[in-house]
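Colleague: Need coordinates for the following:
(2 chains)
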There are 2 protein chains.
Amino acid sequence: MKLDKLVGERFKERPSDCMVDSHALMVRGGYMKYVANGIFSQYMPLKRITRKIEQIIREEMDAIDGQEVLFPVVMPATLWQESGRYESIGKELVRFADRSGSPLVLGMTHEEAAVQLVREYAQSYQKYPFMIYQIQTKFRDEARPKSGLIRVREFTMKDAYSFHTSQEDLEQYYDKCHKAYERIFARAGIPEVVSVASDSGMMGGSISHEFMLLTDIGEDSIAICSECDYRANMEAAENIIDYVRTMPSEDLKKVHTPSQRTIEEVCSYLGAEPKNSCKAVVYQRNIDDKYIVLFLRGDLEVNETKLTNYLGFDIHPATITEDSPIVAGFIGPMGLEGDMMVLYDHSLKDMNNLVCGANETDYHYTGLDMARDVKNAEYHDFAKIQQGGICPKCGKHSITVSRGIEVGNIFQLGVKYSKAMNMTYIDSEGNSQYPIMGCYGIGVGRLAAAVCEVHHDDYGPIWPKAIAPWQVHLCAVRSDNEEVKNFANNLYEQLLAKGVEVIYDDRNVSAGIMFSDADLLGVPYRVIVSPRNLGQNVVEIVSRDKTLKTTVPMGSALDEILKLI
Amino acid sequence: MKLDKLVGERFKERPSDCMVDSHALMVRGGYMKYVANGIFSQYMPLKRITRKIEQIIREEMDAIDGQEVLFPVVMPATLWQESGRYESIGKELVRFADRSGSPLVLGMTHEEAAVQLVREYAQSYQKYPFMIYQIQTKFRDEARPKSGLIRVREFTMKDAYSFHTSQEDLEQYYDKCHKAYERIFARAGIPEVVSVASDSGMMGGSISHEFMLLTDIGEDSIAICSECDYRANMEAAENIIDYVRTMPSEDLKKVHTPSQRTIEEVCSYLGAEPKNSCKAVVYQRNIDDKYIVLFLRGDLEVNETKLTNYLGFDIHPATITEDSPIVAGFIGPMGLEGDMMVLYDHSLKDMNNLVCGANETDYHYTGLDMARDVKNAEYHDFAKIQQGGICPKCGKHSITVSRGIEVGNIFQLGVKYSKAMNMTYIDSEGNSQYPIMGCYGIGVGRLAAAVCEVHHDDYGPIWPKAIAPWQVHLCAVRSDNEEVKNFANNLYEQLLAKGVEVIYDDRNVSAGIMFSDADLLGVPYRVIVSPRNLGQNVVEIVSRDKTLKTTVPMGSALDEILKLI
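Modeller: Presented below is the predicted three-dimensional model:
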């Protein structure tokens, strides 16, 4: 391919709307173009990268007996009604009607389609286990697409679905897939990806893992233990409390706290610490605006995913009006009345001598003893784990909270979909059973962007060989020089004849322009043919990652290049 | 791959809802599964076939300097408003709104996206020519999907767009692409595909060709000259009229024709021939129901695409009510009054002594002389060419009308999209110009189905090597026999080690079941290991197309198979 004809613009200035480097470099390098919010077109260099990533994924899925299939992008709503997700998923699921008025959806994931495809086939235990996967376009109507290819609305994804007759078999396969994922990320050039225990969210099921590339620009927070191998995303990381009551309980006392509404204000006013207070956070159920009051220790924050998972329905932060049964800023567990749901975080369990609201404007209590004063409270884990928190595995105060990009995920789904969609098989004893499922996803474009995030410099991406759009970037500096032109043309043809992926820059432009374009394309090896080099009978070879910078005799240039790649 | 684990059902009975063989065989063979009207999932065998077709297409597009890119499936309506197609295309274009209410469409073709991708890049004549293409999912809300993969709503398509600075350059490239298409169809196993001149329809532009696989189950009609190389689809085939007036004109005479409404009734009643009558066909404009009356020779039929292209707007067959200015069954050119558009097919030009309606219930005229009585008529070609009609190229009465499946199309678009979307470049003289475009499509799934239509027998598809899901179908007949099992297992491993695509049937089932499954999978070579064969120290090799049936010594089986494929 001649660079001269490569469609796409390359330029120096960082676009002002690009918050992360991968986005900026991919726009500057002519990899992608904005079409609409969270929707991009891909130019040839990116398409070549994503095709290589897809091929790596395909090979690794085939190696664990995956069968490549294809599900539709557009599915009938009836299929999603079977699983219940047509109702339970929010606006991310695009719903529309066809010309005859039949409701359809755009696929954002394909559990339903997978079950539909194999439901009649897999009616005997002898057909199990099996795994089917596809690599295809998906659409998820994200509220806030951002960061280029990292959070988009339309994306290409590999999604795989496995079917089993026992939990043990699923777990074995899950582990196999976990290892395949490690190989995929290593082959794509990011072996540093780690897997973290995660919450399964809307996918259902129990055990699941996210594969995280740790980087400060990541959108996800991960709790990592610096003392053991514990890693979990924030939703899955249990916030361990090691509170032991040491002080005797004071009496409950109502105190006047005029206009002191936030925990910080009240505690400061009363000379207490936030960790000795009982804070209220109020939500409302989406469906009917019913109030949900959650009490937790004053120094902690709510993890809303934990809360939503516990509740099983969608919520939003509450709007408290004059006629609500709630006195904003003065909410406490004592004497709270009205139609609402009240929850307690386990950080409060057994605590005493707490400050809390008195459910009366300008009044709080001191001396709250949870065991004595709130007798019927049930405690659950709703709070975010914190930096320096206790590791749920080794028990040390060794938790650090890092940021990461999720580049893949695997889920043990259990029988959620097979049961809802009435997929059964006859086991070896003649009984009807629901198959146990796993599902396994990787976003192709996000993976490309993640690689770019960790493999780039100020001048452009530094693509790992396995996914680079080309292997060799041949520069004919001063292509108006006959000798340069002839030698470079000849080398280009020889490389092509050897099947080398080469991008050839024979434009009559300055070396500066050539090299900055080459930096933006991030090809592993740059081969420079110039009058000066040829004058010394050599050709220069420079690696994009700067670990190699050498000259080789003109006559052995081809061989040397072939050796490198 | 072991057949035992191949996901998908195979069965004998032809499904009653399958009208064409490719559909029936692909359902019976576990290639595809119905999800919704015109929407299917693909099992592994079909996915392997379509991937191979895609790779052939990719190689041929790359060979004519195509650059593979990716456009979005979901596009903003604004992009289609720029070209005007958001309004001009009917319900086939799926329109919906995202969570914020912004209108979006599902891509059914990507001219707009192609222009959007390169509009800023290609602002100088030096960037031209170039071609970009993608292979991707598209959705077209067809009113009547049918025939399995031949007419669907969701499909995978290769669509390519070329950009040029002159018509000559476009034509050169168009011809190159025409040849690439011939190579693609030949490589996919259907070299018999012919290109026919076609109407450009909603794509705009002028010259275009469809690539047709001639088969009786085809949905399209094609006019083919048996004497020269003329081929055109019905919309593009001019209906040549060689009428020469030989009889003197009679006087116009109003005759009583009680209840004789159709041309056949009237002509029979009056003892005339339909070809000596002037027939009226009435339509209404979609937008406002305005009447359009088209007169043509009584023995001809209207080609509605020709008519729509002439009009430039959409129409439907008229509903004639009591208060219309039209007397159904008695319509004629003389004295026709009211708010309507009147058109004349050129079959009527210069004719005389015609029967026609008198615009009065139960009355017709005889002796109509178009030249004398309908002075201001303009004549155009609106009628269908007919079997035995005159070839527009060689002039002989040598037209046959055949049916075919359209497996590809190429269009010279001109400046329709570049102009509408204001894409310009500066030419070598400093003037601003609109680039001239071509576009080139192939439906991947339809191509697979088309190959199946012409390459199958009653028992299953007969896949050409280049697109077959596997190359070798290894059958271990009586796999409970130790010798069979060991030899077949060993051969399977050896074939895999050599990189041969092999599907291995080691189920303990009858040879009959094995062979009927093998027929349905249509793999080119079947290798049979059985106790009887091994008893004679041989392995049997049979080709799916029945041209080969041989035995080879056990020891040389591997080599013989490698030679064949």
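Colleague: can you give me the strands in the stretch 251-400 of chain A?
Modeller: For the stretch 251-400 of chain A, strands defined by DSSP state E, counting those that start in this stretch occupy the ranges A:253-256, A:278-285, A:291-297, A:315-317, A:340-345, A:354-360, A:363-368, A:379-380, A:399-414.
Colleague: my bad, should have said the stretch 451-565 of chain A
Modeller: Going by DSSP E, counting those that start in this stretch, the stretch 451-565 of chain A shows strands at A:456-457, A:460-461, A:472-476, A:502-505, A:525-529, A:538-543, A:549-553.
Colleague: closest one to chain B among the ones you listed?
Modeller: Comparison of the strands of the stretch 451-565 of chain A against chain B by Cβ to the nearest Cβ identifies strand A:502-505 as nearest, at 11.6 Å. Using the backbone N, CA and C atoms, a C-beta is placed for each residue, glycine as well.
Colleague: ok so A:Gly180 is a helix residue?
Modeller: Heads up, residue A:180 is Ala, not Gly. Yes - A:Ala180: assigned to a helix according to DSSP: H, G, I helix; E, B strand; the rest coil.
Colleague: per-residue confidence at it?
Modeller: If you check A:Ala180, the pLDDT there is 98.
Colleague: What of A:Ile207?
Modeller: At A:Ile207, pLDDT is 86.
Colleague: who touches it in this structure?
Modeller: If a contact means Cβ atoms under 8 Å, 6 or more residues apart in numbering or on different chains, then A:Ile207 has A:Tyr174, A:Ala197, A:Ser200, A:Phe411, A:Gln412 as its contacts.
Colleague: Of all those residues, the one with the weakest confidence?
Modeller: Scoring the contacts of A:Ile207 by pLDDT puts A:Ser200 last, at 54.
Colleague: Tell me the most packed of the contacts of A:Ile207, by neighbour count.
Modeller: A:Phe411 (25 neighbours; other Cβ atoms under 10 Å in any protein chain shown).
Colleague: worst-scoring helix or strand of chain A, pLDDT-wise?
Modeller: Lowest by mean pLDDT, DSSP states H and E among the helices and strands of chain A is strand A:231-233, with a mean of 88.
Colleague: what about the helices in the stretch 151-300 of chain A?
Modeller: For the stretch 151-300 of chain A, the helices defined by DSSP state H, counting those that start in this stretch occupy A:167-187, A:263-270.
Colleague: where in chain A is pLDDT low?
Modeller: Chain A contains residues with pLDDT under 70 at A:199-205.
Colleague: quick one: contacts for the most centrally placed residue in it?
Modeller: What sits nearest the mean C-alpha location of chain A, by Cα atoms, centre = their mean, is A:Glu406, with 2.7 Å. The contact partners of A:Glu406, by Cβ under 8 Å, 6+ apart, come to A:Glu210, A:Phe211, A:Met212, A:Gly218, A:Glu219, A:Asp220, A:Arg446.
Colleague: Just name the closest of those to chain B, please.
Modeller: Out of those, the member with the shortest distance to chain B (by Cβ to the nearest Cβ) is A:Arg446, at 14.6 Å.
Colleague: A helix includes that closest one, no?
Modeller: Yes - using three-state DSSP, the secondary structure at A:Arg446 is a helix.
Colleague: from memory it sits against A:Phe155, does it?
Modeller: Yes - with contact defined as Cβ atoms under 8 Å, A:Arg446 and A:Phe155 form a contacting pair (6.9 Å).
Colleague: who touches both of the two?
Modeller: By Cβ under 8 Å, 6+ apart, the residues touching both A:Arg446 and A:Phe155 are A:Leu149.
Colleague: can you count the residues close to A:Met19?
Modeller: With other Cβ under 10 Å as criterion, A:Met19 counts 12.
Colleague: no, scratch that, I was asking about A:Gly90
Modeller: For A:Gly90, the tally of surrounding residues (other Cβ under 10 Å) stands at 11.
Colleague: Name the nearest residue to it, sequence neighbours excluded.
Modeller: Counting by Cβ to Cβ, 6 or more residues apart in numbering or on different chains, the nearest residue to A:Gly90 once its immediate chain neighbours are dropped is A:Asp314, at 6.8 Å.
Colleague: Can you tell me how far that neighbour is from A:Lys375?
Modeller: Distance from A:Asp314 to A:Lys375, counting by Cβ to Cβ, to the nearest Å: 31 Å.
Colleague: what about these two, which has more around it?
Modeller: A:Asp314 (13 against 7).
Colleague: Return the residues in contact with that one.
Modeller: A:Asp314 touches A:Gly90, A:Arg285, A:Asn286, A:Ile287, A:Thr308, counting by Cβ under 8 Å, 6+ apart.
Colleague: what's the farthest-apart pair in these?
Modeller: Spanning the widest gap among the contacts of A:Asp314 are A:Gly90 and A:Arg285, at 13.8 Å by Cβ to Cβ.
Colleague: who's A:Phe130 bridged to?
Modeller: Going by DSSP bridges, A:Phe130 is paired in beta bridges with A:Phe163.
Colleague: Quick check, it in contact with A:Ser162.
Modeller: Yes - A:Phe130 lies in contact with A:Ser162 (Cβ under 8 Å); the separation is 7.1 Å.
Colleague: Export the contacts of A:Ile207 as JSON lines, with columns for distance to chain B.
Modeller: Below are the contacts of A:Ile207 laid out as JSON lines (distance: Cβ to the nearest Cβ, whole Å):
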{"residue": "A:Tyr174", "distance to chain B": "18"}
{"residue": "A:Ala197", "distance to chain B": "30"}
{"residue": "A:Ser200", "distance to chain B": "24"}
{"residue": "A:Phe411", "distance to chain B": "20"}
{"residue": "A:Gln412", "distance to chain B": "20"}
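Colleague: From B:Thr262, how far out is the closest residue to A:Ala328 other than its chain neighbours?
Modeller: Nearest-residue entry for A:Ala328: A:Ile320, 4.4 Å, with adjacent residues in sequence omitted and distances by Cβ to Cβ, 6+ apart. Separation of A:Ile320 from B:Thr262 (Cβ to Cβ): 77 Å.
Colleague: Looking at these two, which is more packed in?
Modeller: More crowded of A:Ile320 and B:Thr262, by other Cβ under 10 Å: A:Ile320, with 16 against 12.
Colleague: give the contact list for that one.
Modeller: A:Val282, A:Ile326, A:Ala328.
Colleague: go again using 10 Å as the cut-off
Modeller: A:Val282, A:Gln284, A:Tyr291, A:Ile326, A:Val327, A:Ala328, A:Gly329, A:Ile331 (Cβ atoms under 10 Å, 6 or more residues apart in numbering or on different chains).
Colleague: how does chain A divide into domains?
Modeller: Residue ranges for each domain of chain A read A:17-71+A:107-235+A:401-453, A:253-380, A:470-564, as given by automatic domain parsing.
Colleague: most tightly surrounded among these?
Modeller: Mean neighbour count (mean count of other Cβ atoms under 10 Å in any protein chain shown) peaks for domain A:17-71+A:107-235+A:401-453 among those, with a mean of 21.
Colleague: mind checking the SS state of A:Val115?
Modeller: Under the three-state scheme (three-state DSSP), A:Val115 adopts helix.
Colleague: do you know how far the closest residue to chain B within the stretch 401-550 of chain A is from B:Ile150?
Modeller: Residue nearest to chain B within the stretch 401-550 of chain A (Cβ to the nearest Cβ): A:Gly445, separated by 9.3 Å. A:Gly445 is 32 Å from B:Ile150, where distance means Cβ to Cβ.
Colleague: next one: A:Gly30
Modeller: Counting by Cβ to Cβ, the separation of A:Gly30 from B:Ile150 is 38 Å.
Colleague: And for A:Gly389?
Modeller: Distance from A:Gly389 to B:Ile150, by Cβ to Cβ: 61 Å.
Colleague: and if you look at A:Asn303?
Modeller: For A:Asn303, the distance to B:Ile150 equals 52 Å [Cβ to Cβ].
Colleague: That'll do, ta.
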